[in-house]
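Chemist: Next comes the sequence, and after it the predicted model I'd like to discuss.
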Amino acid sequence: MPHEKDHQRELFTRQSRVRGMMLGLALGETVGGSRGSLSAGGPLRAGVSTQLACFTAEGVIRAQVRGHHRGVCYAPGVVLHSYCRWAHLQGIERERMQRRWNMYGTSVWPDGWLADVPALAERRGSAPATVAALSRVEKGVDLTATASRGCHALTRSLPVAVAGQGGIFQAGALAGLTHGDPAAQAATVHATVLAHHCLTHPLPEGTTPYNLSTRSGESVRNALHAGITALPSIGGPLTDDEHSRLAAALRHAVDEPADAGRLARLAPDATAPSALLGGIYTAAAFPDRADFRAALEFAAGAPDGESVACVAGALLGAVHGVEALPVDLVARHELAWVLDTLARDLVLEFDDSPSGSEYVQGWDPSWWNRYPGW
């Protein structure tokens, strides 16, 4: 049936672009962490932003499941629970986490399939603001945040862009779980808006992520321009100065592409605003599908290359789709299968709710066990 085929093609495109965003995020952090000099062989290790982004994606799915089955859900609280499972796997405040989420020891916790992934229990860098906030989790969701402006508030939150307008509205609250600085929260909202536009910006007529080649650079710059233009209307935190800086980063990428000095001035440190400005500049300076690897290697030269390359990889992957990512790097990444599965499941949850709802029987009896709604 033509209608069914059209839906399949649309689903394929959405999946490709969400997969591209998730895997692009991870490859960016890994390349950035190596300062652009990856080893010639062997597995590529994930960074802490990638680990936390996995738990953000899982938390978004679980919040959606809870909303379907319970009728009400505060998504940031569900995502905070996800970060606590990450902390427990990492050996951070284990007793505190057990008291908060499994006080009487009557259930299996941490639950969900992500808790069984060995690489997520390995230390892959530090996230001091996140850890400090989680150590106060017993005080409640509104009392955990530190005063940090660090980049992890933004990099770990990018998967919420899949949730569309709902994700945009929640992005600041997700950042605020651990990072209390207003600039970090604002940059996270802005990054989510841009990532959402990259995921949804129309591709050139007659193309899909599989055959997107010509005019692919135009698609990246147009998506970023559309997102920056839309920011004043979303109702979130945005000053005239912030808007001007975002627009300037895009303009500099067109007028002065691949200028290392410009990148260093836009992204001088490991804060969320720097990660966003550096990510925009890099993505727009290397917008063509064939330049994905070059974009990450350039971003790796920023003062904090991990966060800049992480954002740039996510934005580029969201436009171009997973087919644009270097196969040799994806195949070597230790969390490639995990990220790909989470991306597909994100799209599936928002497209079809496999676990059903309070009143409708689901078609996947294992979905609730994979993504318990709490």
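Modeler: Looks like it came in fine.

Chemist: Assess the claim that R136 and T144 are in contact.
Modeler: Yes: under the criterion of C-beta atoms under 8 Å, R136 makes contact with T144 at 4.9 Å. All C-beta spots, glycine's among them, are computed from the backbone N, C-alpha and C.

Chemist: Please identify which of those two sits among more neighbours.
Modeler: Legend: neighbour count by other C-beta atoms under 10 Å for R136 and T144, higher for T144 (21 against 15).

Chemist: Surely the more buried one forms part of a helix?
Modeler: No: if the criterion is DSSP: H, G, I helix; E, B strand; the rest coil, then T144 is coil and not within a helix.

Chemist: got the contact list for it?
Modeler: By C-beta atoms under 8 Å, 6 or more residues apart in numbering, T144 lies in contact with 80, 133-134, 136-137, 177-178.

Chemist: doesn't T188 make contact with L154?
Modeler: Yes: contact criterion C-beta under 8 Å: L154 and T188 qualify, at 4.6 Å.

Chemist: what is in contact with the two at once?
Modeler: Both L154 and T188 are in contact with 175, 272, where contact means C-beta under 8 Å, 6+ apart.

Chemist: List the contacts of the residue nearest the centre of the chain.
Modeler: For the chain, the residue nearest the mean C-alpha position is L158 (2.6 Å; C-alpha atoms, centre = their mean). Residues near L158 by C-beta under 8 Å, 6+ apart: 21, 25, 53, 56, 191-192, 195, 311, 314.

Chemist: From T13, how far off is it?
Modeler: As judged by C-beta to C-beta, to the nearest Å, L158 and T13 stand 19 Å apart.

Chemist: do A284 as well
Modeler: Between A284 and T13 the computed distance is 22 Å (C-beta to C-beta).

Chemist: The two - which one has more neighbours?
Modeler: Set A284 next to T13 and count neighbours by other C-beta under 10 Å: A284 wins out with 25 against 18.

Chemist: residue contacts, that one?
Modeler: Shown in contact with A284 (C-beta under 8 Å, 6+ apart): 220-221, 224, 249-250, 253-254, 257.

Chemist: which one of the residues you listed is nearest I92?
Modeler: Among the contacts of A284, A249 lies closest to I92 (C-beta to C-beta), at 34.7 Å.

Chemist: tally of neighbours for C73?
Modeler: Neighbourhood size, C73 [other C-beta under 10 Å]: 18.

Chemist: mind listing what it touches?
Modeler: C73 sits next to 63-64, 66-67, 373 when contact means C-beta under 8 Å, 6+ apart.

Chemist: so it is in which element?
Modeler: For C73, there is no enclosing helix or strand under DSSP states H and E.

Chemist: Flag the shaky bits of the stretch 201-350 of the chain, pLDDT-wise.
Modeler: When residues are selected by pLDDT under 70, those of the stretch 201-350 of the chain lie in 205-216, 235.

Chemist: Following element in sequence after the helix or strand harbouring L276, please.
Modeler: Element membership for L276 (DSSP H and E) is helix 272-285. Following helix 272-285 in sequence order, the next helix or strand is helix 292-299 (DSSP H and E).

Chemist: For that following helix, which residues meet the burial criterion?
Modeler: 292-293, 295-299 (16 or more other C-beta atoms under 10 Å).

Chemist: now do stretch 263-283
Modeler: Buried residues in stretch 263-283, defined by neighbour count with 16+ other C-beta under 10 Å: 263, 266-267, 270-283.

Chemist: Next: stretch 107-126.
Modeler: For stretch 107-126, the neighbour count (16+ other C-beta under 10 Å) marks 109-112, 114-115, 117, 119-120, 124 as buried.

Chemist: can I get the buried residues of helix 292-299 in TSV with distance to D364?
Modeler: Formatted as TSV, the buried residues of helix 292-299 follow (distance: C-beta to C-beta, whole Å):
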residue	distance to D364
F292	33
R293	36
A295	37
L296	35
E297	40
F298	42
A299	38
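
Chemist: Run a quick neighbour tally on V79.
Modeler: 27.

Chemist: What of I228?
Modeler: Quick note: I228 (other C-beta under 10 Å) scores 19 neighbours.

Chemist: any idea how far the helix holding L276 is from the chain center?
Modeler: In terms of C-alpha atoms, centre = their mean, to the nearest Å, the centre of helix 272-285 is found 14 Å from the chain centre.

Chemist: next one: stretch 297-316
Modeler: Chain-centre distance of stretch 297-316: 14 Å, with C-alpha atoms, centre = their mean.

Chemist: any idea how far the nearest residue to G217 once chain neighbours are set aside is from D181?
Modeler: Nearest non-adjacent residue to G217, counting by C-beta to C-beta, 6 or more residues apart in numbering: P287, 3.5 Å away. Using C-beta to C-beta, one gets 31 Å for the distance from P287 to D181.

Chemist: L158 now?
Modeler: 18 Å.

Chemist: now Q15
Modeler: Using C-beta to C-beta, one obtains 35 Å as the distance from Q15 to D181.

Chemist: and stretch 75-91, C-alpha only, in CSV?
Modeler: Extracted C-alpha coordinates of stretch 75-91, given in CSV (Å, rounded to 0.1, in the frame of the first residue of the first chain):
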residue,chain,number,x,y,z
ALA,A,75,10.1,13.8,33.1
PRO,A,76,13.1,15.4,34.9
GLY,A,77,12.4,13.2,37.9
VAL,A,78,12.5,10.1,35.8
VAL,A,79,15.7,11.2,34.1
LEU,A,80,17.2,11.9,37.6
HIS,A,81,16.5,8.3,38.5
SER,A,82,18.4,7.3,35.3
TYR,A,83,21.4,9.3,36.4
CYS,A,84,21.3,7.6,39.8
ARG,A,85,21.4,4.2,38.1
TRP,A,86,24.5,5.4,36.2
ALA,A,87,26.1,6.5,39.5
HIS,A,88,25.3,3.2,41.1
LEU,A,89,26.9,1.3,38.2
GLN,A,90,30.0,3.6,38.6
GLY,A,91,30.3,2.8,42.3
